[in-house]
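**Student:** sequence and predicted structure are below.
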Amino acid sequence: MKKYLPRPFTTAIALAMGQSIALQVAMADAADGVEPTTLAEVIVTGSRIARPDLENPMPVSVLRMEDAERFGHTDLYSALAEIPGIGVGNSLLSSATGFDSGAAFVNLRNLGTNRSLTLIDGKRRVSSSARSSAVDIGTIPMGMIDRVEVVTGGAAAVYGADAVTGAVNIITRKAIDETTVSVKTGMSERNDAGEFQASMSTGFRFGGERGRVAVGATYTRTDPLFMYDRYDWHYQPFVLANPANTGTADGVYDNVNLLNYRQHYYAYEPNFWLADEKTRYMLEQGGSVRPMVHDVLYSSGPAQFATGNGGDGRNLTDMNQYRGGEESLSALGRVDFDLTDTLNLAGYFNVAKTDYDGAGTYYRDDTRTTFMGVGGAKAYLDNPFLPDAIRAIMEDKGLTSLSIDRTYGNFPVRNEDHHRKTSTFGLELSGEFADAIEWSAFAQYGRVTDHAIEGNVPIKSRWLAARDVITGPNGTPVCRSEAARADGCVPLNIFSQIPASEALKNYVLGDRDEFRTTTQQLFGAELNGSAFQLLAGQVSYAVGVEYRKDTLENADDPLALSGELVYGGGPGARSQLDVSADVKEVFTEVLVPVLADVTFARRVNLELAYRYSDYNTVGGTNAWKAGVIWEPVQGFSVRGVQSRSVRTPNFGELYEPIVTNTTLGSISDPCMVEGYYATANRAENCAALGVPAPGVVDPKLGPHVTSGGNPDLAPETSDSLTVGFVWQPGFLPNFDVTVDYWDIDIEDVIYQLSYTQILNLCVDLPSIDNPYCAAQGRNLTPNVPTAEHGVVMPAGAALWVKAQQGNISRLYASGVDVSFRYLVDVGPGRLGFKLGGTRLIEDVLETTPGVTAGNQQRDGAYTNPKTRATLTTTYDLGNLGLALSSRYWGKGLGNVLALSGEQYEDNTVPSVTYHDLSARYTFGGNTLNFAVTNLFDKLPPQMGFGEPGIYFGGQVYDLVGRNYSLGWTYRF
């Protein structure tokens with residue numbers, strides 16, 4: 001019976017890498033004690049045309065799972081993060097709360113997870129994002145992944161929309177003839193941040209070997225990590241405006257760096273402001289009252305909201321979650337059956353259940369009316385809980401009420417959990433008409449549900465009723481409202497720091513339940529083969545059609561919709577969505593051998609691709625690719641690809657309802673003291689806006705920001721160019737080096753500028769006659785309550801900003817990628833080197849066509865450094881294998897948009913290099929693997945630059961510290 005390779009356009013082999021995989025296969029064989037002979041030929045990636053070339057016009061990085069497991073990785077995201085071309089995406093180290101908390105999305109080139117396409121065995125998957133098309137790579141069981149191939153560069157013509165910056169293709173295991181059981185556990189040196197993983201995979205043949213089954217599952221548990229696990233809770237590096245600053249070039253820094261930032265009204269202790277004394281007092285545990293102090297006061301703003309270094313108060317990061325906790329179980333399987341010698345039927349599935357545990361912050365409020373619409377709690381003389389010391393002050397000053405500010409640390413932390421269920425099922429039928437023509441047709445359905453629970457949220461009406469307490473008829477404290485008492489109101493002591501009773505928590509706290517469902521229907525058919533013969537070889541082609549329909553339904557909690565669980569200072573408003581989009585596509589690829597075996601042209605191949613897509617949302621789009629590879633002499637190839645890619649707006653960008661929220665906390669405003677003198681141009685424009693002198697440094701009440709989707713958005717279009725070479729010298733076996741220049745230029749970028757970016761652009765452009773100044777308003781009537789806030793705002797303060805989604809002008813980036821691999825016998829073993837590095841030339845968001853002052857530089861930020869590289873060194877001796885991974889993250893700037901050398905005392909963030917060490921030993925069917933990650937226990941740089949500061953940058957820097965893992969694998 002004829003034995004088939006899996007179809008190139010429906011399975012993993014269609015997307016394998018060329019020369020790089022070949023060498024890695026040899027290195028893997030050496031690691032397993034197998035003597036490699038010649039470098040294996042495999043099918044190239046980035047194409048739907050099967051061909052055994054060892055080079056490819058598209059640069060590709062390959063991660064083999066056995067290498068990832070060598071260094072103790074228990075999730076795919078952390079393993080991929082070591083590839084220099086992959087930027088900061090979404091993971092357990094991202095924001096602990098939010099729409100997509102707990103999901104893992106890849107971000108190629110740091111240009112956005114929504115511009116990176118993730119494929120599983122060459123096919124799209126249903127999105128796990130609440131708004132975009134991003135795919136959660138954590139739903140694929142680790143034990144069933146063979147390798148991951150990363151194509152960097154525009155690939156929309158081959159794979160469709162969203163592949164603006166490239167595609168990540170996860171290749172799963174399909175031919176399994178043994179059972180593998182693997183267990184892995186890890187723990188930090190500080191006895192926390194634990195990880196555990198158990199995997200199983202197996203396979204067999206049936207029906208006289210006409211049928212093949214491969215199935216596997218992985219269970220993973222990841223413990224959370226909190227700020228207090230690494231730092232004293234008082235600690236927070238921060239940057240504040242320098243009150244001594246007087247001008248653009250006065251020799252005085254505009255900002256100062258603090259290491260122990262505090263604000264008094266954030267304190268866990270109940271506190272209050274006496275305006276006549278311009279003093280804030282706090283209630284101590286024993287019942288006495290004293291003035292609050294800072295070790296060093298840094299504030300030129302309202303004394304009521306004074307800021308400083310050290311002393312009383314707190315910062316808002318002491319309960320921050322560095323890494324979310326998660327428990328997941330995923331399974332994947334496939335059944336192939338040869339119906340005839342020329343016809344194959346396959347079915348596959350992937351299911352996953354993920355429970356994410358994210359922690360937020362304690363509830364807090366103060367005098368600002370934005371909190372629940374009425375402000376913080378008030379002390380009244382008839383409150384039986386009123387401490388004698390505060391009563392005496394109120395009576396002495398003739399006060400009948402007094403606003404109490406505080407953080408309610410005696411209540412549970414607000415949390416956000418996500419319970420996601422993911423399922424994908426598919427069928428495909430494939431065969432051949434003749435030896436040179438193969439065909440395939442498939443149908444796939446995917447569904448993701450997310451039950452998002454925001455827990456321990458104060459229920460507005462109950463909280464307000466519970467905190468207003470009087471003495472009841474029987475002499476016990478009761479809620480003032482009779483209606484609330486009839487409803488079971490439990491009185492809340494706003495002065496107490498004793499943990500709240502269960503009865504009180506049950507009355508005033510609730511859970512917000514959101515339910516999100518995304519689905520995807522995917523159908524396609526493809527034909528590929530050889531068209532005719534040229535002198536240099538066969539002309540190969542692939543043509544196909546696809547249909548895709550995506551839906552998103554978001555249903556919020558009725559208590560949130562009524563305003564009981566959504567309010568100022570609390571959870572934000574969500575949107576009710578029930579939307580869908582579909583697209584019909586046709587595509588084609590052609591591979592033309594132009595020259596072969598002639599002088600200075602051992603081979604010249606031309607590769608062309610085109611895709612037309614018809615969306616029901618934005619209409620028709622066109623994507624194309626043209627690539628060439630020229631091998632003048634054996635072992636040396638020059639390659640280049642020019643492509644046009646398209647990204648259509650996603651559901652959130654199109655349909656997110658327009659909402660208006662009030663900004664609270666530290667307000668970043670270029671017309672305030674910290675930014676007014678950054679440039680002469682800025683000062684002049686602020687004056688033209690009606691702010692002739694620097695405004696108050698930090699009013700603690702910012703503009704009303706209106707944001708949301710835009711149904712009139714147009715698609716993004718991207719032009720990508722990649723040019724480079726591959727060198728595999730014949731005189732140096734098992735060695736190759738690649739160098740590639742890349743350039744990505746995206747027009748009509750879909751982007752939602754932040755309110756800070758809009759405020760800055762307004763005054764940084766040549767004049768205030770620009771759309772950004774038209775999108776904001778400032779307070780020009782001081783000492784008069786504003787219509788927007790209902791309270792007196794400082795003179796010149798920003799009152800409102802419109803920040804809706806739009807097609808911003810342009811986003812462009814370029815750089816150079818370098819890689820080399822070498823395998824050589826040294827002594828009794830084999831020494832291997834693998835280096836991947838990237839040098840970023842530029843990364844710029846152009847907001848205003850033709851006006852360079854509007855350019856937002858992104859390259860050189862500490863989150864997007866100029867240089868990144870990873871070097872892996874291996875030495876394998878028989879059954880023993882040693883490996884060292886060294887990952888370099890280049891230096892950067894804390895604020896890459898700083899306009900003056902005086903803006904910060906120190907705006908530089910140093911580079912960091914992490915080293916991971918592993919040792920494995922194989923005996924019989926067993927493998928023991930021991931790994932130490934972050935060998936030298938390096939924690940993030942201790943810098944301030946904005947809340948919560950670089951020390952919190954777990955997406956960039958390691959927060960766990962030195963970590964040990966032990967794994968055992970048994971095969972039978």
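**Tutor:** Cool, got the structure.
**Student:** in the sheet, which strands lie alongside the top strand by length along the chain, parallel or antiparallel?
**Tutor:** For the chain, the strand with the greatest residue count under DSSP state E is strand 509-534. Strand 509-534 pairs in its sheet with strand 437-458 (antiparallel), strand 537-555 (antiparallel), by DSSP bridges.
**Student:** pull out the buried positions in that strand.
**Tutor:** The neighbour-count check on strand 509-534 (16 or more other CB atoms under 10 Å) flags 509-510, 512-514, 516-522, 524-530 as buried. To be clear about C-beta, it is placed using only N, CA and C from the backbone, and glycine gets the same treatment.
**Student:** and the helices in the chain?
**Tutor:** 19-31, 65-70, 76-80, 156-159, 388-396, 460-466, 482-486, 502-508, 558-561, 651-655, 673-676, 680-688, 755-764, 771-774 (DSSP state H).
**Student:** any chance of the ones you listed in JSON lines, with distance to Ser133 too?
**Tutor:** Below are the helices of the chain laid out as JSON lines (distance: least, CB to CB, whole Å):
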{"stretch": "helix 19-31", "distance to Ser133": "28"}
{"stretch": "helix 65-70", "distance to Ser133": "25"}
{"stretch": "helix 76-80", "distance to Ser133": "17"}
{"stretch": "helix 156-159", "distance to Ser133": "12"}
{"stretch": "helix 388-396", "distance to Ser133": "55"}
{"stretch": "helix 460-466", "distance to Ser133": "35"}
{"stretch": "helix 482-486", "distance to Ser133": "46"}
{"stretch": "helix 502-508", "distance to Ser133": "39"}
{"stretch": "helix 558-561", "distance to Ser133": "26"}
{"stretch": "helix 651-655", "distance to Ser133": "9"}
{"stretch": "helix 673-676", "distance to Ser133": "37"}
{"stretch": "helix 680-688", "distance to Ser133": "38"}
{"stretch": "helix 755-764", "distance to Ser133": "25"}
{"stretch": "helix 771-774", "distance to Ser133": "29"}
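**Student:** check contacts around Tyr266.
**Tutor:** For Tyr266, the contacting residues are 313-316, 364, 407, by CB atoms under 8 Å, 6 or more residues apart in numbering.
**Student:** go through those and flag which are in strands.
**Tutor:** Applying DSSP E to these, the entries found in strands are 364, 407.
**Student:** tell me the contacts of the nearest residue to Asn320 once chain neighbours are set aside?
**Tutor:** Residue nearest to Asn320 in three dimensions, not counting chain neighbours: Met227, with 4.3 Å by CB to CB, 6 or more residues apart in numbering. Going by CB under 8 Å, 6+ apart, Met227 touches 233, 317-322, 952.
**Student:** and of the residues you listed, the nearest to Asn169?
**Tutor:** Nearest to Asn169 among the contacts of Met227, counting by CB to CB, is Tyr322 at 30.8 Å.
**Student:** distance of that closest one from Arg190?
**Tutor:** Per CB to CB, to the nearest Å, Tyr322 is found 12 Å from Arg190.
**Student:** between these two, what contacts are shared?
**Tutor:** Contact with both Tyr322 and Arg190 is made by residues 229-230, according to CB under 8 Å, 6+ apart.
**Student:** looking at those two, which is more packed in?
**Tutor:** Tyr322 (23 against 14; other CB atoms under 10 Å).
**Student:** so how far is Asn383 from that one?
**Tutor:** Shown here: Tyr322 relative to Asn383, a distance of 39 Å by CB to CB.
**Student:** Val726 too?
**Tutor:** With distances taken as CB to CB, Val726 is found 78 Å from Asn383.
**Student:** got it, and Ser127?
**Tutor:** Separation of Ser127 from Asn383 (CB to CB): 51 Å.
**Student:** the more surrounded of those two?
**Tutor:** More crowded of Ser127 and Asn383, by other CB under 10 Å: Ser127, with 27 against 24.
**Student:** so what's the residue count around Val826?
**Tutor:** 10.
**Student:** hmm, I typed the wrong one, I wanted Arg602.
**Tutor:** 17.
**Student:** grab the nearest non-local neighbour of it.
**Tutor:** Nearest residue to Arg602, sequence neighbours excluded (CB to CB, 6+ apart): Glu631, at 4.6 Å.
**Student:** in the sheet, who's paired with that neighbour?
**Tutor:** Beta-bridge partners recorded for Glu631 (DSSP bridges): Arg603.
**Student:** cool, thanks, signing off.
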